[in-house]
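> Sharing a sequence plus its predicted fold:
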Amino acid sequence: MDAGRSLGIIGLGLVGRAFAERARRMGWRVTGFDPSPVATGVARAAGVEIRSDAAAVADGCGTVLVAVFDGPQLVRVADALLRARRRPRLVLSCVTSDAATAESVGRRLEAAAISFVDMPLSGSSQQIAAGEALAMAGAGDHAWSVARSVVAALAPRHVRVGAAGAGARAKLATNLVLGLNRAALAEGLAFAEALGLGGATFLDLLRRSPAYSRAVDVAGPRMLTGAFTPVSRIAQHRKDVALILDAAAGAGLELTLERGHAALLDAAIAAGDGDLDNAAIIRIIRGRKPSSATEPDPCPPSTSRRRKAASKRSRRKRPARSRKPTGRSRG
């Protein structure tokens, strides 16, 4: 079956199933593999033909889409594809990884005559299924000529940002802004509620103000209603934040806001919210109470030092008091 009408998916979590749904709506045959029995069961019920392993998926499909959790898993999938009896013609990686891993996998697959596109996406699983997520594609010229029509069908909103590895870099930079937008919205909404403003009224104000971002429409209603069934998970985003901070450190850049965001995500995961939707970050913010360590000092150190110095000068200027006789002997 030709690559344009068949799709193999390795990794049947939220992203993999969203692509399976989209491909099946277009009339494509979809096969897949995931080591999780739960993910496999959900995908099978949605019409995906399940295979025994990653190599078996490659054996029947010209195009394989990889939607596993991280870079090390992507490397293991590449190993399996290279061992397959019949290798695919094209591999699309939707994995958010470091750029070096994407580049390395791309070189290995291209050396085996497999075109590779590093294609992480910005958007939820619902947006992926609807063709509304943005794919940031990194591919060489030949690979892009092979992949362009397939990418256009699966992700109509796409931008080629460079060679393999460029997609990973673009995704990390985009995710930094996306995550901070969402965290800022959560903190602003919790603040508005604490001040007695209605949440729905506040979101409407944001839509009319320069503070608006798409997070207001995508995450805002979820934060208001507590609808935290995941379309993207807190734990998954925390993995991305770790990659962002590592990449920044390698570039000699300190990301102060992102470090604070990482601490917030860590608190959410420690509270048991890691598998909830990213909008659930507001639960941690709503539950936090000000501590003495974070309350503003009414007399900051610089002010305190000035007051003490002024007090000493004042004492030095005061006239000495005359001693009155006590009637006691010193002898």
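That came through, no problem.
> quick one: what helix or strand has the residue nearest the centre of the chain in it?
The residue lying closest to the centre of the chain (Cα atoms, centre = their mean) is residue 237, at 3.2 Å. According to DSSP states H and E, residue 237 maps onto helix 234-250.
> Quick one: end-to-end length of stretch 120-138, please.
Stretch 120-138 has an end-to-end distance of 9 Å (criterion: Cα to Cα, to the nearest Å).
> and what of stretch 81-98?
One end of stretch 81-98 to the other measures 20 Å (Cα to Cα).
> Check which residues of the next helix-or-strand element following the helix holding residue 237 are buried.
Using DSSP H and E, the helix or strand that follows helix 234-250 in sequence is helix 256-270. Buried residues in helix 256-270, counted by 16 or more other Cβ atoms under 10 Å: 258, 261, 262, 264, 265, 267, 268, 269. From N, CA and C alone the C-beta is placed, and that goes for glycine too.
> what do you get for stretch 61-73?
For stretch 61-73, by 16+ other Cβ under 10 Å, it's 61, 62, 63, 64, 65, 66, 67, 68, 69, 70, 71, 73.
> and which of the residues you listed is nearest residue 126?
Closest approach between the buried residues of stretch 61-73 and residue 126, by Cβ to Cβ: residue 67, at 15.0 Å.
> What residues of stretch 18-26 count as buried?
18, 19, 20, 21, 22, 23.
> can you list contacts of the helix or strand that contains the first one?
So that's residue 18. According to DSSP H and E, residue 18 maps onto helix 14-25. Helix 14-25 has contacts (Cβ atoms under 8 Å, 6 or more residues apart in numbering) with 7, 9-10, 12, 30, 32, 34, 39, 42-43, 46-48, 65, 67, 94, 121, 125-126, 128-131, 154, 230-233.
> So which of those residues belong to strands?
7, 9, 10, 30, 32, 65, 121 (DSSP state E).
> and the closest residue to the last one other than its chain neighbours, how many neighbours?
Excluding the flanking residues, the one nearest residue 121 by Cβ to Cβ, 6 or more residues apart in numbering is residue 133, at 4.5 Å. Residue neighbour count, defined by other Cβ atoms under 10 Å, stands at 25 for residue 133.
> One more: residue 162?
Residue 162 is flanked by 15 other residues according to other Cβ under 10 Å.
> and if you look at the one 4 residues further on?
Per other Cβ under 10 Å, the neighbour tally for residue 166 reads 19.
> Was I right to think it contacts residue 118?
Yes. In this structure, residue 166 is within contact of residue 118 by Cβ atoms under 8 Å, at 7.1 Å.
> where do the contact lists of those two overlap?
Between them, residue 166 and residue 118 share the contacting residues residue 138, judged by Cβ under 8 Å, 6+ apart.
> need the contact list for residue 159.
With contacts defined as Cβ under 8 Å, 6+ apart, residue 159 is in contact with 134, 135, 136, 137, 170.
> For the fourth one, name its beta-bridge partners.
In other words, residue 137. With DSSP bridges as the criterion, residue 137 is bridged to residue 160.
> Just list the residues touching it, thanks.
Contact analysis of residue 137 by Cβ under 8 Å, 6+ apart lists 117, 118, 119, 144, 147, 151, 158, 159, 160, 161, 167.
> So which of the residues you listed are in helices?
Mapping these onto helices (DSSP state H) picks out 144, 147, 151, 167.
> returning to that earlier point: can you give the distance of the helix holding residue 18 from its chain's centre?
Its chain's C-alpha centre and that of helix 14-25 lie 20 Å apart, by Cα atoms, centre = their mean, to the nearest Å.
> do stretch 257-275 as well
From the chain centre to the centre of stretch 257-275 is a distance of 12 Å (Cα atoms, centre = their mean).
> sorry, back to before: can you add pLDDT and give the buried residues of stretch 18-26 back as a markdown table?
Below are those laid out as a markdown table (pLDDT from 0 to 100):
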| residue | pLDDT |
| --- | --- |
| 18 | 97 |
| 19 | 98 |
| 20 | 97 |
| 21 | 97 |
| 22 | 97 |
| 23 | 97 |
